[in-house]
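> Fold the following for me, if possible:
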Amino acid sequence: MIDFEERRDELLEKVEEMTRRKQYKALRDILIELEPADIADLFDDLPEEMLPLLFRLLPKEPAAELFVELEPDVQEMLIRGFSNTELKEVLDELYLDDTVDIVEEMPAGVVKRILKHADPDMRKGINEILKYPEDSAGSLMTTEFVDLKRDMTVEDALKRIRRTGTDKETINVCYVVDPARKLLGVVSLRTVLLAEEDDVIEDIMETHVISVGTLEDKEDVAQTFSKYDLIALPVVDKEDRLVGIITVDDAMDVMEAEATEDIEKMAAMLPTDKPYLKTSVFDTFKSRIPWLLLLMISATFTGQIIARFENALGACAILTAYIPMLMDTGGNCGSQASVTVIRGLSLDEIEFSDLFRVIWKEVRVAVVCGAVLSCANFAKLMLVDKLLFGNPITLPIALVICLTMVVTVFAAKVVGCTLPLLAKKIGFDPAVMASPFITTVVDAISLVIYFRFAALLLGI
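Numbers count the residues shown, from 1 in each chain. Predicted coordinates:
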């Protein structure tokens, strides 16, 4: 990977130059040496008119592996340019779950052509998977796995693996089922290879099998992979019959997609499934403007609070200079708490039942952070702002600012840890309650606290 990144620009130039010179054999040799994901990376920066030619230079199997790695718009462009024979060759090399992913991304006209040239078994498998909800385990699974009978000998099992394993998603893990397809156990290829030939599968299989239901949320499926360090996970229906498996590469894609979605929500953007450079300006605008409008309108409450205490600010104008610092500190403290809690929720480390434990912990953190920040701020006010810059800072003014700092940090931590948990409880995505939203709430709270202390201690 590191070697490819170092050579990427050089490879791009070489591929373009060799294509122009029609040095196809040498070009094919270069592409075959690269990983499919690396070739797909090159395709992102190559002229579109070159892509069909470069794709056709590859042998069938590497070409199919590359096709899976390409962006949907490139896949669509290639499919439209394929002959019927070429399309069938690519489809024959694809695993079922990869074909389903492609079908879900393509327009109706392209889907019809794919289904027309897929073999009957693949069409049946595609239709079975497409009937499951988009975010479910069923939509993520493949039906291409190795199944064994419990009364098989190891010798019989190896023969079946050799006979059927060529077209399976993985043969590293095999699943033991009864005649009704109910899942009985799991056995690794390593266990099979190291056993005696006359050993019976029932004696060497693992009967404690971790599985998921077809309707389970795919984010929970990904967490199951992470928790138990799995490479494959069986999917069963309501009658505990084995209907498919999910492999770790698909789980990793889910983790990446969910992490991206959470980051976008935490940055106050609507989620998008396109890469940044391939997202149009208008689509980017549409993903950002709703939250920006909402936050702009909500920020008017902050303005109203300042306007409400305009006379107080006029009587002691120096207070105005410290509003940004207090608001920023409160927003930062609230964001720290919210992001920590959101991460805990996403990893199932925190539940709503832990609400009071979380609040109690953040309260203690707030006391320590608030004390340190207010002490540091008091020193800055008296030594830097007053002596160095000559600002009219009196002891009561410094006390107002420092007390506000302590209470603001306390309030921000409590708000920051509570809102994501409440959002989760009522069915919202906790990531929505991240930095921008928390900051807006805490800004208003910090101003109210500030002016209340000013009225109490300064009499304004």
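> now the helix or strand containing Glu128: how far from the chain's centre is it?
Glu128 belongs to helix 120-130 when elements are defined using DSSP states H and E. Chain-centre distance of helix 120-130: 27 Å, with CA atoms, centre = their mean, to the nearest Å.
> Would you mind listing the outside residues contacting that helix?
Helix 120-130 is contacted by residues 91, 96-97, 99-100, 103-104, 115, 118, 138-139, 141-144, 244 when judged by CB atoms under 8 Å, 6 or more residues apart in numbering. (Glycine included, C-beta is placed from N, CA and C.)
> What subset of those is buried?
Buried members of those, scored by 16 or more other CB atoms under 10 Å, are 91, 96-97, 99-100, 103, 118, 138-139, 141-144, 244.
> For Ile306, state which of these is nearest.
Closest approach to Ile306 among the buried ones among the contacts of helix 120-130 (CB to CB): Ser139, at 50.2 Å.
> Could you report the distance from the closest one to Val146?
Distance of Ser139 to Val146, given as CB to CB, to the nearest Å: 22 Å.
> So which residues of this protein form strands?
With DSSP state E as the criterion, the chain has strands at 147-148, 173-177, 183-188, 212-213, 232-236, 242-247.
> Show me this protein divided up by domain.
Taking automatic domain parsing as the reference, the chain has its domains at 2-140, 147-258, 276-458.
> Switch those over to TSV; also include mean pLDDT.
As requested, these are exported to TSV (pLDDT from 0 to 100):
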stretch	mean pLDDT
domain 2-140	88
domain 147-258	92
domain 276-458	86
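> how about Arg181, what does it touch?
Contacts of Arg181 (CB under 8 Å, 6+ apart): 241-243.
> Show me which of the residues you listed are buried.
The neighbour-count test (16+ other CB under 10 Å) marks 242-243 as buried among the contacts of Arg181.
> Looking at the buried ones among the contacts of helix 120-130, point me to the pair that's furthest apart.
Across the buried ones among the contacts of helix 120-130, the longest distance by CB to CB is 21.5 Å; it joins Leu91 and Gly138.
> do you know how far Glu155 is from Thr170?
For Glu155 relative to Thr170 (CB to CB), the value is 22 Å.
> neighbour-wise, which of those two wins?
The residue with more neighbours, out of Glu155 and Thr170, is Thr170; 19 against 14, by other CB atoms under 10 Å.
> Report the separation between that one and Leu194.
18 Å.
> end-to-end on stretch 110-124?
End-to-end distance of stretch 110-124: 18 Å, with CA to CA, to the nearest Å as the criterion.
> in it, what's buried?
By 16+ other CB under 10 Å, the buried positions in stretch 110-124 come out as 110-111, 113-114, 117-118, 122.
> tell me which of those residues is nearest to Lys386?
Closest approach to Lys386 among the buried residues of stretch 110-124 (CB to CB): Val110, at 70.9 Å.
> these two touch, right, that closest one and Gly81?
No: applying CB atoms under 8 Å, one finds Val110 not in contact with Gly81, separated by 11.4 Å.
> With respect to Ala371, which of the contacts of helix 120-130 is nearest?
Using CB to CB, the shortest approach to Ala371 within the contacts of helix 120-130 belongs to Ser139, at 51.1 Å.
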